[in-house]
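S.K.: show me how the following folds:
(one chain, ligands or ions: 1)
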Amino acid sequence: MKRFGKYLALGLVTVNAVLLLTAFNLLRVDYSRNYIENGSFEAGYYQHQGISEVTVPNEWKIWYAEESTPKTPSQDDPFRQPETVVWNGTHHPEPERSLFWQQGTYTFKAFGAWKPIWVKLWQDNSNVVAGQRYRFTVPIYPDLIESYQWDGRKIVASDPTSGQHRLVVTENGRIIADTGYLDGDDIPFLEWTDLELEFVPQTSNVRLMVEFRGKWGLINNGWFIDDISLHAVAGVATPTKRATSTPRVIVTPTVPPSENGTAKSIEGTHETFFPIVKTYSRRN
Ligand SMILES: [Ca+2]
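M.R.: All right, here's what the predicted structure looks like:
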């Protein structure tokens, strides 16, 4: 009985120590800090595996589908290598300058003409605090064009499944939060959307990934990303709308629906230990 009491006391001391450590760590959380490194792509870049067509922002890693990557359902042509750039907008003319650059001098662009592409961009972060809620935000602009009018105006891709977008957070290889694949019904083409995902890590190491893909060989499969952030949030946040002075491209979707159909195709999401809050709000 004495030994049982000793173990009980030891257990209580351990639990209290863990609780105190957790409370201490939570007190260290800076709610004003952006925990993403080089989220606006202003801090340099490198060539992925020395490939000049695949430029990656520093602090980020990339994966892209190749011809051998299995196709998605109903896809006909195979995936091909995309081109990616960290684009300097210093001398770029308006109105594109204020459209594709959300913050600073550089924006990230991935694109492919007449070919399906699939890109994942991720960053490992070891500065999060276990038990704290975070919001991962990726402003994204799907530049998915079916054709151009005689005056150069863009005709947006009419099939909402032309573009699929996803945010994923993993911890030691295990998915802890996932938006699932969101197509054009959730992430409208030719405009900015803040794609957001909230999560609560159990450790201080997480991997944050944004993913997008186009399964048709459009005249332009393109995406812009800029001003990515990771912020600690208190409680459960509600969807937010961010004001922007960004002008929207005037688009006249006169092209009839694609023969490939307009059925929404969202693949299964994963069960997670913590509740997920996923929000996406248009920037207008
Ligand atoms: Ca930027």
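S.K.: in a helix, S74, correct?
M.R.: No - according to DSSP: H, G, I helix; E, B strand; the rest coil, S74 belongs to no helix; its state is coil.
S.K.: for it, grab the count of nearby residues.
M.R.: A count of neighbours around S74, defined by other Cβ atoms under 10 Å, yields 12. Quick note: C-beta positions are derived from backbone N, CA and C, even for glycine.
S.K.: any idea of the pLDDT on it?
M.R.: Looking at S74, its pLDDT is 92.
S.K.: report the mean per-residue pLDDT for stretch 95-108.
M.R.: Mean pLDDT, computed over stretch 95-108, is 93.
S.K.: could you tell me the end-to-end distance of that stretch?
M.R.: From its first residue to its last, stretch 95-108 covers 17 Å (Cα to Cα, to the nearest Å).
S.K.: what do you get for stretch 62-70?
M.R.: End-to-end distance for stretch 62-70: 18 Å, by Cα to Cα.
S.K.: buried ones in it, by neighbour count?
M.R.: By 16 or more other Cβ atoms under 10 Å, the buried positions in stretch 62-70 come out as I62, Y64, A65.
S.K.: can you redo the residues you listed as a markdown table with pLDDT, distance to the ion and secondary structure?
M.R.: Listed next are the buried residues of stretch 62-70 as a markdown table, based on pLDDT from 0 to 100; distance: Cβ to the ion, whole Å; DSSP: H, G, I helix; E, B strand; the rest coil:
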| residue | pLDDT | distance to the ion | secondary structure |
| --- | --- | --- | --- |
| I62 | 98 | 17 | strand |
| Y64 | 98 | 21 | strand |
| A65 | 98 | 26 | coil |
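S.K.: just name the closest of the residues you listed to G50, please.
M.R.: For the buried residues of stretch 62-70, the residue nearest G50 by Cβ to Cβ is I62; the value is 13.1 Å.
S.K.: report the contact partners of the closest residue in space to S68 that isn't next to it in sequence.
M.R.: Excluding the flanking residues, the one nearest S68 by Cβ to Cβ, 6 or more residues apart in numbering is P78, at 7.9 Å. The contact partners of P78, taken as Cβ atoms under 8 Å, 6 or more residues apart in numbering, are E67, S68, T69, K71, P116.
S.K.: now the first one: closest residue in space, sequence neighbours ignored.
M.R.: Closest residue to E67 apart from its sequence neighbours, by Cβ to Cβ, 6+ apart: P78 at 4.6 Å.
S.K.: that's a helix at that neighbour, yeah?
M.R.: No - read with three-state DSSP, P78 is coil and lies in no helix.
S.K.: the chain should start at 37 in everything you say after this.
M.R.: Sure thing, new numbering starts at 37, so read that last one as P114.
S.K.: pLDDT score for it?
M.R.: For P114, pLDDT reads 97.
S.K.: how close does it sit to the ion?
M.R.: From P114 across to the ion, the span is 32 Å (Cβ to the ion, to the nearest Å).
S.K.: also H127?
M.R.: Taking Cβ to the ion, one finds H127 at 15 Å from the ion.
S.K.: what's around that residue, how many residues?
M.R.: Neighbours of H127 under the rule other Cβ under 10 Å: 6.
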